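**Q** Okay, predicted coordinates and the sequence, questions at the end:
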Amino acid sequence: MERLELLRKNLNNSLILIKESVDASVILIKEGHKREVTGLWEDFLGTFIKYLRQKSKESGINLLASINFMRVWR
């Protein structure tokens, strides 16, 4: 259970940082930095998705397969 609690804590901390980044992105886009902000998000999301795919391939566990995206997008 310790590992599960650590995962929960890490995801919660990550969400805090993501929210701060979204808020900063909105401000920067309003200030005229849309292209730069978009590039940063594309780099971040691309790296994240590539890492997920790599770990899924290495472990044989598709980390996204069991996620119900209909529930996520509500």
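**A** Structure's in. What do you need?
**Q** Phi and psi next, for I67.
**A** phi -80, psi 130 (degrees, to the nearest 10).
**Q** What about it, how many residues nearby?
**A** When neighbours are counted by other Cβ atoms under 10 Å, I67 registers 10. Bear in mind the C-beta positions are built from the backbone N, C-alpha and C, glycine included.
**Q** What's the per-residue pLDDT of it here?
**A** For I67, the model assigns a pLDDT of 88.
**Q** swap in G39?
**A** pLDDT, read off for G39, is 98.
**Q** With S25 instead?
**A** At S25, pLDDT is 98.
**Q** host element of it?
**A** Here S25, judged by DSSP states H and E, is contained in helix 2-30.
**Q** Give the other helices and strands that the next helix or strand after that helix contacts.
**A** Going down the chain from helix 2-30, the next helix or strand is helix 34-59, by DSSP H and E. In terms of contacts (3 or more Cβ pairs under 8 Å, 6 or more residues apart in numbering; DSSP states H and E), helix 34-59 is packed against helix 2-30.
**Q** Check which helices and strands the helix it packs on is in contact with.
**A** Against helix 2-30 (3+ Cβ pairs under 8 Å, 6+ apart) you get helix 34-59.
**Q** what's the offset of the helix it packs on from the middle of its chain?
**A** 8 Å (Cα atoms, centre = their mean, to the nearest Å).
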